[in-house]
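Novice: I would like the atomic coordinates for the input below:
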Amino acid sequence: MKTITSRILTLTIFIGLLIPALVQEGMFLDGITYAAISKNLAIGYGQFWEPHYTKTLYPSFSEHPPFVFIIESLFFKLFGNHFYTERIFTFFTALLTALGIIICWRELAKNNDIKENYWFPVLLWLLVPVVSWSYRNNMLENTMTVFTIYSVFFILKALKRNNIYLVPLSGLLIIFAFLSKGFVGLFPIVTPLLFGITFKVNKKAIVYFIVLILSMMISSVILIKLFPETIDNISRYLNQQFLPAIKGQREITTNNRFKILLDLFIDLAVILALLIPFLIDRIKNKRNKKFVVNKNFIFFLLVGICASIPLIISLKQRKFYLIPSIPFYALSFGFLLNDFVMEKMKIVPEKYFKWFKKLLYSVLGLLLIISILKFGKYSRDMDNIRDVSLISSLLDEGTIISCAKETWSNWGLVAYFIRIGYISLDCDNEHDYFLIKNGDKFPI
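Specialist: Predicted structure coming up:
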């Protein structure tokens, strides 16, 4: 009963944090931009290795590698051009990530009792504020995280079961992660070495690491042979985005490279807060001398660190860049705190869990009703969305509208125009229509 109730609690939080927001229109600028590019690709504007944003802004979009847009465009082909299409896609990545956490947990759990507590790391993952925000807003990191967590899983499975044939699959997933967001997706490469250091299987870990590198090299060669345009796409990405960001020439958001680590600490605050009663309990019961470091805790902690530390290389930092590392921190602290939390749960009488289970079912029903009532409403940018939808309904797809420079640099407005009606804005040339804010004077 207690385990079932805990699973229902995790499911309730998962749904509560995502569904009511995802059924409404309005997203963060980046999420709308990525959805627009993916939609364009689905309806024939742009190519797989040369995505297209607007006719006047990034007609050839090389700010990121294209793999996420390729995948998301398939959702537009499947579900059509509706506001909820990108929401289905981002929710799907959340589901896959939760499943990835579960299978990683079960792969390293030492017995069936611990394996059945797979809900615990998923719950810890959900308690990190930036997680639900990112999945509500269609970030590229969501898709990249799917590839990175499953690449780690297949390496774990290969090492635990002496199945070296799984390693090339992990290598392919790492390449997909790179093609989703760039070099930040390469951190799973070190997983075999981290496993070897933690579990004292260095020789086998080195062999698997070498096989992983070789398999990635072979997969890359095959990919380039099949799609020669890959080289041009990655070259543009390096020159337009990656290298300028490393040199501090692109969108500097902080003057301290270590700020991203402070952001990580703040977002992990709820998880870290659980360490306080854990440590007090160990000291109180004088078990601190007998405490044995949980190797699973160490391993996943090291993976999480390898996923987040490289972000300090650039002064262009955002909290959601941390998304790929969060599942590993959740797994790490899940293994550390599992026995302690389960001990405390045993103290609570069974009857309270029965009542709590009924309450959770009621909350789930309420969330369903709220989601139905909110469907198609607006979580943000209501005026912009309504205006853009109305204007788009009056103009042909592909129209370019003249506007003032201030309007053209309203990136949210640009994103909604291209996402809703495939309409571009232009502040440098005259066109048949001019966009002006109601009440403003028409420029000469």
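
Novice: check which helix or strand covers the spatially closest residue to residue 136 that is not a sequence neighbour.
Specialist: What sits nearest to residue 136 in space, not counting adjacent residues and going by Cβ to Cβ, 6 or more residues apart in numbering, is residue 21, at 4.5 Å. Every residue, glycine included, has its C-beta placed from N, CA and C. Element membership of residue 21 [criterion: DSSP states H and E] is helix 2-22.

Novice: for that helix, the distance to its chain's centre please.
Specialist: Averaging C-alpha positions (Cα atoms, centre = their mean, to the nearest Å) puts helix 2-22 18 Å from its chain's average.

Novice: For residue 176, list the residues it contacts.
Specialist: Shown in contact with residue 176 (Cβ atoms under 8 Å, 6 or more residues apart in numbering): 67, 147, 185.

Novice: Can you check the pLDDT for it?
Specialist: Looking at residue 176, its pLDDT is 97.

Novice: ok, now residue 342?
Specialist: 89.

Novice: so where's the chain shaky on pLDDT?
Specialist: For the chain, applying pLDDT under 70 flags the ranges 1, 286-293, 444.

Novice: So which residue is smack in the middle of it?
Specialist: residue 142 (2.0 Å; Cα atoms, centre = their mean).

Novice: what's the helix or strand for that one?
Specialist: Assigned by DSSP H and E, residue 142 belongs to helix 140-160.

Novice: How far does the strand or helix carrying residue 352 sit from its chain's centre?
Specialist: Using DSSP H and E, residue 352 falls within helix 350-374. With Cα atoms, centre = their mean as the basis, helix 350-374 stands 27 Å off its chain's centre.

Novice: hey, C-alpha coordinates of whatever helix or strand comes next after it in CSV?
Specialist: Along the chain past helix 350-374, the next helix or strand (assigned with DSSP H and E) turns out to be helix 382-394. Provided in CSV are the C-alpha atoms of helix 382-394 (Å, rounded to 0.1, in the frame of the first residue of the first chain):
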residue,chain,number,x,y,z
MET,A,382,-2.5,36.3,-24.7
ASP,A,383,-2.7,39.6,-26.5
ASN,A,384,0.2,38.8,-28.8
ILE,A,385,-1.2,35.4,-29.7
ARG,A,386,-4.7,36.8,-30.4
ASP,A,387,-3.4,39.6,-32.5
VAL,A,388,-1.0,37.4,-34.5
SER,A,389,-3.7,34.8,-35.0
LEU,A,390,-6.1,37.4,-36.3
ILE,A,391,-3.5,39.1,-38.6
SER,A,392,-2.4,35.6,-39.9
SER,A,393,-6.0,34.7,-40.8
LEU,A,394,-6.1,37.7,-43.1
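
Novice: Mind giving me the packing neighbours of helix 382-394?
Specialist: If you count contacts as 3 or more Cβ pairs under 8 Å, 6 or more residues apart in numbering; DSSP states H and E, helix 382-394 packs onto helix 411-421.

Novice: helices or strands up against the helix it packs on?
Specialist: Counting contacts by 3+ Cβ pairs under 8 Å, 6+ apart, helix 411-421 packs against helix 29-42, helix 382-394, strand 424-426.

Novice: any idea of the angle it forms with helix 382-394?
Specialist: For helix 411-421 against helix 382-394, the angle by axes from the mean of the first three to the mean of the last three Cα atoms, to 10 degrees is 40 degrees.
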